[in-house]
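Colleague: Take this sequence and fold it.
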Amino acid sequence: MSKGPISQFIEKHYLHFNSASLVDAAKAYEQQLANGAKMMVSMAGAMSTAEIGKIFAEIIRQDKVQIISCTGANLEEDIMNLVAHSHYERVPNYRDLTPQDEWALLERGLNRVTDTCIPEHEAFRRLQKHIYKIWKDADDKGERYFPHEFMYKMLLSGVLEEYYEIDLKDSWMYAAAEKNLPIIVPGWEDSTMGNIFASYVIKGDLKASTMKSGIEYMTYLADWYPKNSSNGIGFFQIGGGIAGDFPICVVPMLYQDMEMHDVPFWSYFCQISDSTTSYGSYSGAVPNEKITWGKLDINTPKFIIESDATIVAPLIFAYLLDL
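Modeller: All right, here's what the predicted structure looks like:
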């Protein structure tokens, strides 16, 4: 299929520095898929609130990603945008806000993420009412599921349909639920729904064990990786943090701790990041550092694009979709 105008623009004008890295990474991602490799996309930051679903959902539908790792915030905030979009507020002048201005937003039930405010009542509480019933039903039956599996159940049950405020095709979580796509959600407890679940455990309404744990996510990934790596598995990392750090470690864990010495390294690596390398940060480390940790091979194609993920990721996805 020939490339569309966005891809043609990128190829014509993105020739040097970070822009050239963007093109190189997109072409290598495309080549990975052409070679029969699978791809993990890890997603940190506030990408769901940035409405990455408008294009990432199509990446999912077209089988250009086979497994996702994301924060608990990204897991829930895509669904929040689905059911409460009209109640969000943009604050273009967020840099000028005083502490008093921020307090006023809090009193209005608006939780700010940079220039975007998420409405507590319409987003958080709307989901809470329905997800609690699903949690409780599993708890009563003695069943246990992962955080993303509970979210899939809620989406596919249809209980949220009355609240839809955007086109369903722009929800990446719904696209993932339809495919029952594997998702790893490390540190899910550090999310609004995670906090809410903890409150029910404290009150004695739910058992902590009803929610499968981070260790179980790692063991799930440890089972999935060898079964799907015959042609390689690439790693496309949006941002830094636990969404990337956690799943990339499955390879050295299998090799070193499970002594599975035939497990292949990740076959591709790309990170979009604005972290600074010299501060000792993992997120800002150059890809070659990962060789020393047994995550990447000497010959693994490696790319780092030091830019804003909300700009870069949609362009790479557009290239993969021939837009």
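Colleague: which residues of the stretch 151-300 of the chain fall in helices?
Modeller: 172-179, 192-202, 214-228, 242-248, 250-252 (DSSP state H, counting those that start in this stretch).
Colleague: ok, residues contacting the first one?
Modeller: Helix 172-179 is contacted by residues 48, 52-53, 56-58, 60-61, 68, 75, 78-79, 82, 148, 151-152, 155-156, 168-169, 183 when judged by Cβ atoms under 8 Å, 6 or more residues apart in numbering. Glycine gets a C-beta too; all of them are placed from N, C-alpha and C.
Colleague: mind listing which of these are in strands?
Modeller: Mapping the contacts of helix 172-179 onto strands (DSSP state E) picks out 68, 183.
Colleague: can you list the helices of the stretch 151-300 of the chain in JSON lines and add mean neighbour count and mean pLDDT?
Modeller: Listed next are the helices of the stretch 151-300 of the chain as JSON lines, based on neighbours: other Cβ atoms under 10 Å; pLDDT from 0 to 100:
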{"stretch": "helix 172-179", "mean neighbour count": "22", "mean pLDDT": "98"}
{"stretch": "helix 192-202", "mean neighbour count": "17", "mean pLDDT": "98"}
{"stretch": "helix 214-228", "mean neighbour count": "16", "mean pLDDT": "98"}
{"stretch": "helix 242-248", "mean neighbour count": "22", "mean pLDDT": "96"}
{"stretch": "helix 250-252", "mean neighbour count": "22", "mean pLDDT": "98"}
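Colleague: I figured residue 135 hits residue 207, correct?
Modeller: No - Residue 135 lies out of contact with residue 207 (Cβ atoms under 8 Å); the separation is 9.9 Å.
Colleague: When these two are compared, which one has more neighbours?
Modeller: Taking other Cβ atoms under 10 Å, residue 135 and residue 207 do not tie; residue 135 has more neighbours (24 against 14).
Colleague: For my notes, confirm the more buried one occurs in a helix.
Modeller: Yes - counting by DSSP: H, G, I helix; E, B strand; the rest coil, one finds residue 135 located in a helix.
Colleague: low-confidence ranges in the stretch 201-323 of the chain?
Modeller: Applying pLDDT under 70 to the stretch 201-323 of the chain flags residues 278.
Colleague: Any idea how far apart the tips of stretch 101-119 sit?
Modeller: Start and end residues of stretch 101-119 are separated by 16 Å (Cα to Cα, to the nearest Å).
Colleague: er, stretch 143-161 actually
Modeller: First-to-last residue span, stretch 143-161, Cα to Cα: 25 Å.
Colleague: same deal with stretch 108-122?
Modeller: 12 Å.
Colleague: in the chain, which spans are strands?
Modeller: With DSSP E as the criterion, the chain has strands at 38-43, 67-70, 89-90, 110-113, 116-119, 183-184, 233-238, 268-273, 302-306.
Colleague: What pairs with the last one, parallel or antiparallel?
Modeller: Here the strand partners of strand 302-306, with direction, are listed using DSSP bridges: strand 268-273 (parallel).
Colleague: and what of the first one?
Modeller: Strand pairing for strand 38-43, determined by DSSP bridges: strand 67-70 (parallel), strand 233-238 (parallel).
Colleague: The longest one: how far from the chain's middle?
Modeller: Per Cα atoms, centre = their mean, to the nearest Å, the displacement of strand 233-238 from the mean C-alpha position of its chain is 11 Å.
Colleague: contacts for that strand?
Modeller: Counting by Cβ under 8 Å, 6+ apart, 29, 32, 37-45, 47, 65-67, 225, 243-244, 247-248, 264, 266-273, 309, 313 sit against strand 233-238.
Colleague: Restrict stretch 197-215 to CA atoms and write it as PDB.
Modeller: The C-alpha trace of stretch 197-215 is given here as PDB (Å, rounded to 0.1, in the frame of the first residue of the first chain):
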ATOM      1  CA  PHE A 197     -10.200  -0.600  45.400                       C
ATOM      2  CA  ALA A 198      -7.900  -0.200  48.300                       C
ATOM      3  CA  SER A 199     -10.500   1.800  50.200                       C
ATOM      4  CA  TYR A 200     -13.000  -1.000  49.800                       C
ATOM      5  CA  VAL A 201     -10.500  -3.500  51.100                       C
ATOM      6  CA  ILE A 202      -9.900  -1.300  54.100                       C
ATOM      7  CA  LYS A 203     -13.600  -1.000  54.800                       C
ATOM      8  CA  GLY A 204     -13.900  -4.800  54.600                       C
ATOM      9  CA  ASP A 205     -16.100  -4.800  51.400                       C
ATOM     10  CA  LEU A 206     -13.600  -6.600  49.200                       C
ATOM     11  CA  LYS A 207     -10.700  -8.900  49.600                       C
ATOM     12  CA  ALA A 208      -7.300  -7.700  48.300                       C
ATOM     13  CA  SER A 209      -6.700 -11.100  46.800                       C
ATOM     14  CA  THR A 210      -9.700 -10.600  44.400                       C
ATOM     15  CA  MET A 211      -7.300  -8.400  42.300                       C
ATOM     16  CA  LYS A 212      -4.400 -10.300  40.800                       C
ATOM     17  CA  SER A 213      -1.100  -8.800  41.700                       C
ATOM     18  CA  GLY A 214       2.000  -7.300  40.000                       C
ATOM     19  CA  ILE A 215       3.900 -10.500  40.600                       C
END
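Colleague: Many thanks, have a good one.
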